[in-house]
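Novice: would you be able to build a 3D model of this:
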Amino acid sequence: MAELAERTSVIVPAFNEAHSVATLVDSLRRQARWLEIIVVDDGSTDGTGDAAAGAGARVLRHPYNKGNGAAVKTGLRSAAGTYILIVDADGQHQPHDTVRLVSQLDRYELVVGARSADSQASWSRRIGNHWLNRTASYLTGHPIPDLTSGFRAAHRECMLEFIHLFPNGFSTPTTSTMSFIRAGYSVRFEPIVAAQRLGTSKIRLGSDGARFVLILLKVMTIFSPLRLFVPVSGALFALGAAYAAWTIATQSHVTNSSVLLILSSIVILLIGLVSEQIASLRSDGRRS
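Specialist: Coordinates of the predicted model:
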C-alpha cells in the first residue's frame, strides 16, 4: 500500500468549501505519504484556495467557476502520479477509506467508493440514484451499485484516455465509470459509508438527474450502441406487427401506420448496426 500511495496524486475539486477543505487535507496527509495533494479551486469566493494552501496542498485555481468535471480534468492534466485518487471537499468521503481504494489499484484500473443506501443524502436522492444505477447496469451489462459516487481511485493514463468525454459539470463520475466498464477495464465497487456533507449540495435532482440520464445514453452510443438501438427497434416492430394483425382481423387490410412502424424499426436497427461498427473501429484504433 505504501508504494501505491507514494505514486498517487490526490485530486480534490473544490468550490466554496473553505469550511472543510483544510481539515480534509490534514486528514489525508495523516493517512498515507501521498505523492501530492492537489486542490483545484474552481473559482471560489470564500478563500477555499488559501485554506487549502495553508494546510499544505498544491492549489490550482480557476479564474471563475467552471464545474466539478472541469476541476477534475484540471487536476488530471497536472497530476504527476501514476495513480490518482479523487476526493470531494465537502466532508462526505472518509479519509480512512482512501487507503482501501488505492490499495486495490494493482488489480483494478478503477476502484469506486460505493456508498451504502442509508448514507446518501435524502430519500429522493436515494430513489433517483437507484434508478440511475439500474439503468446503467442494464446498459453496460455489469452491476453498478453506485454510479454517481465521486470518490474513486484509478490509473491516471486510463482516466486520460476518456478525458475528452468528461463533461464540465457533475457527470464526470457517471461518464468515467461507464467508459471504464464498456472499454473492458477492471472496475471494483468498494463499499463505503459516506458522512453527512458540510454545507449545501450543489447538485439539483431535477436538472442534474436528467443530465445524468443523457450522459448514460451518450456513453452507450459511443461504446455499445446496440444495447440502445435493438430494444427501440424491437419495440417498434412489435407494435407495428401487433397493429397490423389487429387491422387485418378487424378491417381486412394493413394500415399505413403499421407499415411505417415496421419500416422505422428496420431503419433504427440498421443505424444501430452501423453505429456498432463505428464504435468497434474507435475502440480498436484507441488500443492499437
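
Novice: only C-alpha atoms for contact and neighbour calcs from this point on.
Specialist: Fine.

Novice: chain neighbours aside, what residue packs nearest to residue 261?
Specialist: The shortest distance from residue 261 to any non-neighbouring residue, by C-alpha to C-alpha, 6 or more residues apart in numbering, is to residue 240 (4.9 Å).

Novice: burial count for that neighbour?
Specialist: 23 (other C-alpha atoms under 10 Å).

Novice: cool, residue 142 as well?
Specialist: Residues contacting residue 142 under the criterion other C-alpha under 10 Å number 14.

Novice: for the nearest residue to it once chain neighbours are set aside, phi and psi?
Specialist: Take residue 142 and drop its neighbours on the chain: the residue closest to it by C-alpha to C-alpha, 6+ apart is residue 181, 7.6 Å away. Torsion angles at residue 181 (phi, psi; degrees, to the nearest 10) stand at phi -70, psi -50.

Novice: before we move on, what about residue 142?
Specialist: In terms of degrees, to the nearest 10, the main-chain angles of residue 142 are phi -140, psi 130.

Novice: swap in residue 11?
Specialist: According to degrees, to the nearest 10, residue 11 has phi -110, psi 130.

Novice: and the contacts of stretch 144-153?
Specialist: Identification of contacts with stretch 144-153 by C-alpha atoms under 8 Å, 6 or more residues apart in numbering yields 83-88, 93, 101-102, 105, 110-115, 129, 132-134, 136-137, 171-174, 177, 189.

Novice: got it, and stretch 12-24?
Specialist: Under C-alpha under 8 Å, 6+ apart, the answer for stretch 12-24 is 37-49, 51-52, 54-55, 65, 68, 71-72, 75, 86-91, 95, 198-199.

Novice: re earlier: verify the stated contact: the residue nearest to residue 261 with residue 262.
Specialist: Yes: using C-alpha atoms under 8 Å, residue 240 is in contact with residue 262, at 5.2 Å.

Novice: still on that earlier bit, just the ones of the contacts of stretch 144-153 in helices?
Specialist: The members of those that map onto helices under DSSP state H are 101, 102, 129, 132, 133, 134, 136, 137, 172, 173, 174, 177.

Novice: sort those by pLDDT and name the bottom one.
Specialist: Lowest pLDDT among those: residue 129, with 75.

Novice: can you give me the buried ones in stretch 242-254?
Specialist: With burial defined by 16 or more other C-alpha atoms under 10 Å, the residues of stretch 242-254 counted as buried are 243, 244, 245, 246, 254.

Novice: residues near the residue nearest to residue 142, how many?
Specialist: Residues lying near residue 181 (other C-alpha under 10 Å) number 19.
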